[in-house]
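**Q** Here is a sequence together with a model predicted from it:
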Amino acid sequence: MPADIPVSPPYAVFGYGSLIFKPPPHVLTQIPGFLKGFVRRFAQSSSDHRGTPENPGRVVTLIHSKDWVDFSDSDPFPEDDIVWGIVYIIEPKHEQAVREYLDFREKDGYTIDKTDVYGIIDGREKVVVPQVESGSNCKASSTIAVAPLMVRLILHQVYVGRKDNPSFVGSQPLNALAEHIWKSVGPSGRNKDYLYDLATAVRQLAPDSYDSHLYALEVRLKELDNASENCA
């Protein structure tokens, strides 16, 4: 079959939380990049992974910048609307299984959305994986090899926490949020380890990757760790 015959783009999902350091199965390849017009905040309660129904932890979610305005009074970084993460391209034969896996994993208050993913190419911002649009015939900015073809990439979904979902808790002062995360534990482990793993993973994504909110919380959690060790 000729290499220039178009085929359906493989399933692509953007990971910005635990998916960065705990990828989904059956990944064909992955592309680091960032979203614009969103904030990543520890604004989602977690009663099934990093907390319990009685004492829910906190995990990150994406919120549209225009929605976050209503909750930004206690946010020291309200203008940060760049979110670094990874686009995972899934092996086509496993698409349905991975969709079901992710829908279950992200079941606690997340909604599916779509947006463009950017990267820094030769020092300039560029769309590296555009969003999927129904009926669109736009060409993607990148392609990958799915033997024996080169296929275009489009982003099929990203999991977003809408402000009207029951698990959305909004903004908290950093010190109070850090203390909540530091003491929370759930079936998937300590809440603070989730934050530490995420901070480490974001730093490793690209030379330009950053997250002011995440890094500020990391500093406060380490201060709590040190204070606890000194009291022991």
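**A** In hand now; what should we look at?
**Q** How far away from the center of its chain is the longest helix belonging to the chain?
**A** In the chain, with assignment by DSSP state H, the single longest helix is helix 212-231. Centre-to-centre, helix 212-231 and its host chain are 22 Å apart (C-alpha atoms, centre = their mean, to the nearest Å).
**Q** Same question for stretch 80-89.
**A** Centre to centre, stretch against its chain (C-alpha atoms, centre = their mean), the figure for stretch 80-89 is 6 Å.
**Q** ok, which stretches of the protein are strands?
**A** 12-15, 27-36, 38-46, 57-64, 82-90, 111-113, 117-121, 124-129, 143-146, 149-152, 157-160, 185-186, 189-190 (DSSP state E).
**Q** is it true that G170 touches F71?
**A** Yes. Between G170 and F71 there is a contact under C-beta atoms under 8 Å: 4.4 Å. (Each C-beta comes from the backbone N, C-alpha and C, glycine too.)
**Q** which one of these two has more residues nearby?
**A** F71 (19 against 16; other C-beta atoms under 10 Å).
**Q** and the gap between the more buried one and R58?
**A** With the distance defined as C-beta to C-beta, to the nearest Å, F71 ends up 14 Å from R58.
**Q** One more: R99?
**A** Look at R99 and R58: by C-beta to C-beta, they are 26 Å apart.
**Q** Name the residue in these two with the higher neighbour count.
**A** With neighbours defined as other C-beta under 10 Å, R99 and R58 compare such that R58 has more, 24 against 17.
**Q** which stretches of the chain have low pLDDT?
**A** Within the chain, the stretches with pLDDT under 70 are 1-7, 106-109, 132-155, 232.
**Q** follow-up on the earlier one: who are the neighbours of the longest helix of the chain, in terms of helices and strands?
**A** strand 38-46, helix 174-183, helix 191-205 (3 or more C-beta pairs under 8 Å, 6 or more residues apart in numbering; DSSP states H and E).
**Q** now the shortest one and helix 174-183, what's the angle there?
**A** Read it as strand 38-46. Angular relation of strand 38-46 and helix 174-183 on a 0 to 180 degree scale: 50 degrees, by axes from the mean of the first three to the mean of the last three C-alpha atoms, to 10 degrees.
**Q** just checking, what packs against strand 38-46?
**A** On a contact count with 3+ C-beta pairs under 8 Å, 6+ apart, strand 38-46 meets strand 57-64, helix 65-68, strand 82-90, helix 212-231.
**Q** How far does it sit from its chain's centre?
**A** Taking mean C-alpha positions (C-alpha atoms, centre = their mean), strand 38-46 and its chain are 10 Å apart.
**Q** The longest one now?
**A** The chain centroid and the centroid of helix 191-205 are separated by 11 Å under C-alpha atoms, centre = their mean.
**Q** Could you name the helices and strands sitting against that helix?
**A** helix 18-21, strand 57-64, strand 82-90, helix 174-183, helix 212-231.
**Q** what comes up buried for it?
**A** Of the residues in helix 191-205, N191, K192, Y194, L195, Y196, D197, L198, A199, A201, V202, R203, L205 count as buried by neighbour count, 16 or more other C-beta atoms under 10 Å.
**Q** Quick one: residues contacting the fourth one.
**A** This points to L195. F42, I181, L214, L217, E218, L221 (C-beta atoms under 8 Å, 6 or more residues apart in numbering).
**Q** from these, which is closest to D164?
**A** Distance to D164 across those (C-beta to C-beta) is lowest for F42, with 18.5 Å.
**Q** Show the contacting residues for that closest one.
**A** F42 neighbours (C-beta under 8 Å, 6+ apart): R58, V59, V60, L177, I181, L195, H213, L217.
**Q** Could you give the bridge partners of the residue nearest to V169 when sequence neighbours are not counted?
**A** Spatial nearest neighbour of V169, excluding adjacent residues (C-beta to C-beta, 6 or more residues apart in numbering): S45 at 5.2 Å. Beta-bridge partners for S45, by DSSP bridges, are R58.
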